[in-house]
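Participant: sequence first, then the predicted structure:
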Amino acid sequence: MRYYILRRIIQIIPVLIGIIFILFFILEQAPGTPVSYMMHPRMTPEQKAELEEKLGLDIPWYERFVNYIKEASQGNLGYSSTHKKPVTEVIGNYAGPTLLLALVSLTISIFIGIPAGIISAVKQHTVIDNILTVMSFIGISIPSFFFGLLLLKAFAVDIQLFPLFGLKDPLLMSDNIFVKIKDIAWHLVLPSIVLGLNSTASFMRYTRSSMLEVIKQDYIRTARAKGLKEKTIIYRHAFRNGIIPLITLLGFWIPLLLSGAIVTESIFALPGLGKISVEAAMSRNYPLILGINSILAILTLIGSLVADILYALADPRIRYD
Amino acid sequence: MDKKLLEVKNLKTYFYSDGVIIKSVDDLSFYVNEGETLGIVGESGCGKSVACLSLARLVETPPGKYEYGEILFKGEDLLRVSDARIRQIRGNDISFIFQEPMTSLNPVFKIGRQISEVLILHRGISKEEAYEESIRMLELVKIPNPERVVNDYPFALSGGMRQRVMIAMALACKPGLLIADEPTSNLDVTIQAQVLDLMNELKEKINTSIIFITHDLDVIAEMSDRVMVMYAGKVVEEASTNEILKNPRHPYTVGLINSKPNMAKEGTRLNVIPGNVPDLSNLPPGCSFHPRCDKAMDICKRVIPDEKLLYEGRHRISCWLYAD
Amino acid sequence: MAKDKTNNNYTGNQSYWGQVLSRLRKNKMAMISLYILIIIIALCIIIPIISPYEIQTTNLSGKDQKPNSRHLLGTDLIGRDIFTRLFYAGRISLGIALATVIIECVIGVVLGSLSGFYGGIIDSIIMRITEMFMSFPFMIICITVVAVFGNSIPNLILVLAILSWPNIARIVRGQILVLREMEYMEACEALGISDLRRIFKHLLPNVSAYVIVYATLGMASVILVETSLSFLGLGVSPPTPTWGNMIQEARNILIIQQKWWYWVPPGTAIFISVMCFNILGDGIRDALDPKMMR
């Protein structure tokens, strides 16, 4: 088992380097160097060369790549000129809301999506199954920005129940930690619903189809023939098998949630990674773009590693490969 | 005087699908005495499996439905007892072993846990006691190294071993009736012989009655005291094993016995029963077998044969040839 | 000897596709979705004929009109007819989706087939590459690439296609692996049928069915991504309308509150199209599985 984990970690590293390589390569193709964006029309060629040297752009890109990897593995991801701070600091400042949002959404998805999927599968072809299935189709089909706007209109504009945007109330004057937490929580309600909708619906569908497969199996008939209660059969015998394909999905869910966060943060003006990614893209802030992408790639790969480990724990058959 | 453990009266189990009615079990009656093995023989689709699943109400409803009949087991009508009661009976008084040992065990639970489960459920004993009893059951079914196997997962075991585990699980609570639905059809011949021997041995030790479903006449000969032949959801003939094999009366039974390849008749063509198993949603009128019967008479095509008892009630048959 | 008078139902006289289509036709939801999509696509195609307006026709004195008899969905802030713009935008959004899906399928089928059929090193390399692509946060790479290369329509199509082919490749590879092992393939080999014939006559028809399923579902997801990008300002830029950038104008509280016809029609158009593609794709997938009996 430990050997398995080690093997997977070793497999991740070339993938990671490959990703960063591709990113580097893409950014290299940008017309004009980053310096072009910082130039005065009246800059002399010597000043331009000096600036380039200062930014390390005078060495060939593959060398820069190697340098980047070296620096990155020591925690230095470069400098963001827009923010006047190191990239790592910028990411650190803005990561909080995004992670919080993703975590809440993931929790909603797991605790609503999976049970809904089980119920849908057990009560296949009944009214409840049909309703849940339609809802799940809506959930995966409605564009998140549209849904966000609808929610905003209904609950923040027409009925002023939730705040319109941002993470905190700028006018809030309180040192009480609970008041502050409630404020943040209230700001996160609508964004979490928006971000969570798609993944909840997806989890529901995957759980449903997985459980339907499992319920047909012979060992479920055996369980019934032993005289077990239906609840035990579904929630222990069936679910234990049905959840296995879902676990592998969890690994891929992190990039999806983080992608979705971009749109959600944009609508609700949350100061998170999504928002600064868009800004970085628009202002051609390459170090920041590269830094964010790299961190997300690492998180994703870690996520799929965790998923693989959980999978091995859940399914005894693959542990002995 | 044999005591009847199970008596099935006029059982009808139908399936409803897409506006079509499939009469899998159509007015079936039979009984099983204490301590005996009843063999049920028939081609695929004749309703033998559905009949036995009906005994413990294990048929999926919908699309199935227990349309009619009584299933009397130790005085209770199993078709009418509560859900809680039938669950008490399953695994405890009536147990099953199925045809596919490779897929009948839950792949993510250890063997010990799967056997213990049925003991804890019906006997109310503790986990540790159930665990010990599981090891004893594994010994009983002659699995080597039971202390190790009890901690194994099903994928570590071969088909024959898994079937023994199924037997252990089925007999753990010492049920009065064991229903074995083609338990050896998917096993190698040598393993098959071992498993069948084991079943006979355990039947004595635990004093269980067995209903043994198969399509293989040799296995029937070895295992059962009485044989019931089914066709298209009905019984066509029933008698002691010896009677059936030596003195078959119904044309279908005759056909079955004759179609076994026989080395003594080397060089001649195989006897086959012409035609195919009928579509259970679209049965021909009268006797369901008449399209394939070389002795079909006019009445066979119109009226379903009544049951007749021959030879002082030891031989039951549904065929117009014996209507007098 | 008596003749066999038994009467069995055979579906064996219908071809494979015939069976699939008849199963699909029984799926009411899928058929409704198909018809809705046909209507939407038809409207997008004939919009120049039925609409008296052009997408650029501005009419400042007639701006901000609510839906009325002359402007079925009202006008926007510079007087353009929204109904007209909606379906021109549909052309763009659906067109981009179609182009993307075609390209990603071609790449995916080719690479997936190679991977599945030959296995070995080719398979390993291609699988590693797909794993790499699938580890990227989709949107973030999109915006990165768009930032670098610009957001013209061909660029968008290429980026989306390049990020999406790994999915198709994996499906195709999976199917080929399953089919390769099936006994009838061994039978083909035993009968001496050539490699190429095996690929074309036996594997591809089965694989193509699944490709169609994922192409349909792919349409749904590309529409969502493209419209999201356009909404963020990183997709198709105005004045060319797409369903996404028409909603962009709604990032203003006043518009959200009072002028719903700016953003609700395009949002609904996206929602309905995507939902129909999803239901249809799902329906085709169910129709392919002969064990699905309702």
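Facilitator: Now that the structure is in, tell me what you want to look at.

Participant: which one in chain B is furthest away from the centre?
Facilitator: residue B:267 (34.8 Å; Cα atoms, centre = their mean).

Participant: where exactly do the helices run in the stretch 201-321 of chain A?
Facilitator: With DSSP state H, counting those that start in this stretch, the ranges of helices along the stretch 201-321 of chain A come out as A:218-225, A:230-232, A:239-268, A:273-282, A:286-314, A:316-319.

Participant: which one of those is the most hemmed in?
Facilitator: Highest mean neighbour count of the helices of the stretch 201-321 of chain A: helix A:273-282, a mean of 24 (counted as mean count of other Cβ atoms under 10 Å in any protein chain shown). The C-beta positions use only the backbone N, C-alpha and C, and glycine is treated the same way.

Participant: residues in contact with that one?
Facilitator: Applying Cβ atoms under 8 Å, 6 or more residues apart in numbering or on different chains, the external contacts of helix A:273-282 come out as A:80, A:82, A:90-91, A:94-95, A:98, A:258, A:261-266, A:269, A:285, A:288-289, A:292, A:296, C:140, C:143-144, C:146-147, C:232-234.

Participant: likewise for stretch B:285-294?
Facilitator: Contacts with stretch B:285-294, where a contact means Cβ under 8 Å, 6+ apart, come from B:231-234, B:236, B:251-252, B:255, B:273-275, B:278, B:284, B:296, B:299-305, B:318-320, C:1-6.

Participant: for it, output the C-alpha coordinates as CSV.
Facilitator: The C-alpha coordinates for stretch B:285-294 follow below in CSV (Å, rounded to 0.1, in the frame of the first residue of the first chain):
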residue,chain,number,x,y,z
PRO,B,285,-53.6,-22.9,-26.2
GLY,B,286,-54.1,-26.2,-24.4
CYS,B,287,-51.0,-28.1,-23.4
SER,B,288,-48.0,-25.8,-23.7
PHE,B,289,-45.9,-28.7,-25.0
HIS,B,290,-48.1,-29.8,-27.8
PRO,B,291,-46.2,-28.0,-30.6
ARG,B,292,-43.2,-30.1,-29.9
CYS,B,293,-44.9,-33.3,-28.9
ASP,B,294,-44.9,-36.2,-31.3
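
Participant: hang on, the earlier thing: out of the helices of the stretch 201-321 of chain A, which gets nearest to residue A:139?
Facilitator: Nearest to residue A:139 among the helices of the stretch 201-321 of chain A is helix A:239-268; the distance by Cβ to Cβ comes to 12.3 Å.

Participant: what about the residue of the stretch 51-200 of chain A found nearest chain B, which SS state?
Facilitator: Residue of the stretch 51-200 of chain A nearest chain B, by Cβ to the nearest Cβ: residue A:125 (8.6 Å). Following DSSP: H, G, I helix; E, B strand; the rest coil, we place residue A:125 in the coil state.

Participant: now for it, how many residues are close by?
Facilitator: 9 (other Cβ atoms under 10 Å in any protein chain shown).

Participant: from residue B:63, how far out is it?
Facilitator: Computed as Cβ to Cβ, to the nearest Å, the residue A:125 to residue B:63 distance reads 10 Å.

Participant: got it, and residue A:120?
Facilitator: With Cβ to Cβ as the criterion, residue A:120 and residue B:63 are 19 Å apart.

Participant: neighbour-wise, which of those two wins?
Facilitator: Neighbour count, other Cβ under 10 Å: between residue A:120 and residue B:63, residue A:120 has more, with 25 against 14.

Participant: could you list the low-pLDDT ranges of the stretch 101-250 of chain C?
Facilitator: Scanning the stretch 101-250 of chain C for pLDDT under 70 picks out C:183-185, C:193-202, C:250.

Participant: what ranges do the strands span in it?
Facilitator: Counting by DSSP state E, counting those that start in this stretch, one finds no strands in the stretch 101-250 of chain C.

Participant: how about the residues of it by chain A?
Facilitator: Residues of the stretch 101-250 of chain C lying near chain A by Cβ under 8 Å from any Cβ of the partner chain: C:128, C:131-132, C:134-141, C:143-149, C:220, C:224, C:227-228, C:231-234, C:247, C:250.

Participant: among those, which are in helices?
Facilitator: Per DSSP state H, helices hold the following members of these: C:128, C:131-132, C:134-135, C:138-141, C:143-149, C:220, C:224, C:227-228, C:231-232, C:247.

Participant: and the strands in chain B?
Facilitator: B:4-17, B:20-33, B:37-41, B:64-73, B:76-77, B:94-97, B:177-181, B:209-214, B:226-231, B:234-240, B:308-310, B:315-317 (DSSP state E).

Participant: show me what the fifth one pairs with in its sheet, parallel or antiparallel.
Facilitator: On the basis of DSSP bridges, the sheet neighbours of strand B:76-77 come out as strand B:64-73 (antiparallel).
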